[in-house]
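J.: using only what follows, build the 3D model:
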Amino acid sequence: LWQHLDAVLAFVEAETSGARRSGRVLVHCFAGSNRSASFAIAALLVTTREPLEPLVARCFALRPFILKNKTFRRQLATLAVREGIPSAASRDRQKGAETAAETAAGKAAETGVEAAEAAQAAAGAEAAADAPYALGSKLGQGAFATCYACCVQGSAAPLAAKVVVRGRWVWIGGRSVPGDVAVESLRREARALRRVGEHAHVVELRGLRSEPEREVLLMSLAPGGDLAKVA
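T.: Residues are numbered from 1 along each chain as shown. Sure, this is the predicted structure:
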């Protein structure tokens with residue numbers, strides 16, 4: 001997708017809004033299943049700024065055998081993130097977050113000092129998640145990420161940082177895949193932790209940092225050594 005995307009987008013732009021203004025573009029490949037569908041959806045995504053999910057659903061309703069290739073699906077998801085196009089789910093979550101904030105404010109007013117202190121502590125934790133951080137000793141190495149001990153400025157709580165280096169090919173599922181896949185996997189993990197929230201047996205999400213050379217997932221540190229030593 002990445003090798004030809006710019007050329008495809010330029011061609012679609014010229015045909016639909018350029019001097020010729022034909023308004024129609026035929027996008028085709030050998031089978032009309034994966035490559036052509038991916039480029040068509042990518043063009044719609046960039047030009048309309050519509051969330052990816054309804055675009056795929058609309059195209060799938062017209063041609064229900066498209067996008068069988070997982071790599072193309074991942075690349076479309078990565079493109080949406082790169083373009084800063086929020087997903088339909090994230091828009092719903094934003095509305096839910098606003099409602100939850102209003103509810104929390106009402107409860108704080110009702111319960112008084114105790115709830116206010118809890119809200120203040122939560123705000124402090126969120127602020128710490130945006131503060132500068134420093135990586136410490138290496139804790140472990142996975143298929144595509146490396147975990148380090150970590151400390152955040154203004155916080156005494158020890159954290160763990162899961163780091164994925166951009167642009168590096170990684171070995172996942174018995175094959176070599178581009179680093180964008182690993183970055184998206186890390187972001188998916190962050191979304192899962194955010195949905196779980198606080199849980200006695202699950203590490204807590206403390207932030208996700210998107211940096212030019214790496215993606216960093218900050219989590220609460222689970223002490224006690226690695227699983228191999230525990231077992």
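J.: which residues of the protein score low on pLDDT?
T.: Scanning the chain for pLDDT under 70 picks out the ranges 18-22, 88-130, 171-174, 177, 224-231.
J.: all helices for it, in order.
T.: Applying DSSP state H to the chain gives helices spanning 2-17, 35-48, 52-62, 70-82, 88-111, 113-129, 179-196, 227-230.
J.: run through who's touching the fourth one.
T.: Read that as helix 70-82. Helix 70-82 has contacts (Cβ atoms under 8 Å, 6 or more residues apart in numbering) with 1-2, 5, 34-35, 37-38, 41-42, 45-46, 51-52, 56, 67, 87, 177, 180-181, 183-184, 187. Every residue, glycine included, has its C-beta placed from N, CA and C.
J.: ChimeraX command for the buried members of those residues?
T.: Selecting only the buried entries of these in ChimeraX, with 16 or more other Cβ atoms under 10 Å as the criterion:
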select :1,5,34,35,37,38,41,42,45,46,51,52,56,67,87,177,180,181,183,184,187
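J.: what about residue 212, how many neighbours?
T.: Around residue 212 there are 5 other residues, counting by other Cβ atoms under 10 Å.
J.: how close does the closest residue to it other than its chain neighbours get to residue 215?
T.: Closest residue to residue 212 apart from its sequence neighbours, by Cβ to Cβ, 6 or more residues apart in numbering: residue 166 at 7.5 Å. According to Cβ to Cβ, to the nearest Å, residue 166 stands 7 Å off from residue 215.
J.: what about the two, which has more around it?
T.: Using other Cβ under 10 Å as the criterion, residue 166 and residue 215 rank with residue 215 on top: 23 against 15.
J.: surely the more buried one and residue 168 touch.
T.: No: contact criterion Cβ atoms under 8 Å: residue 215 and residue 168 do not qualify, at 11.3 Å.
J.: how much space between residue 200 and residue 223?
T.: Residue 200 is 15 Å from residue 223, by Cβ to Cβ.
J.: got it, and residue 28?
T.: Residue 28 is 57 Å from residue 223, by Cβ to Cβ.
J.: repeat for residue 214
T.: As defined by Cβ to Cβ, residue 214 lies at a distance of 25 Å from residue 223.
J.: between the two, tell me which one has more neighbours.
T.: The neighbour count for residue 214 versus residue 223, taken as other Cβ under 10 Å, is higher for residue 214 (19 against 7).
J.: buried residues of stretch 147-154, list them for me.
T.: So stretch 147-154, judged by 16+ other Cβ under 10 Å, has buried residues 147, 148, 150, 151, 152.
J.: contacts for the longest strand along the chain?
T.: Scanning the chain for the strand with the most residues, using DSSP state E, yields strand 133-141. Strand 133-141 has contacts (Cβ under 8 Å, 6+ apart) with 146-153, 159-161, 163, 209, 216, 218, 226.
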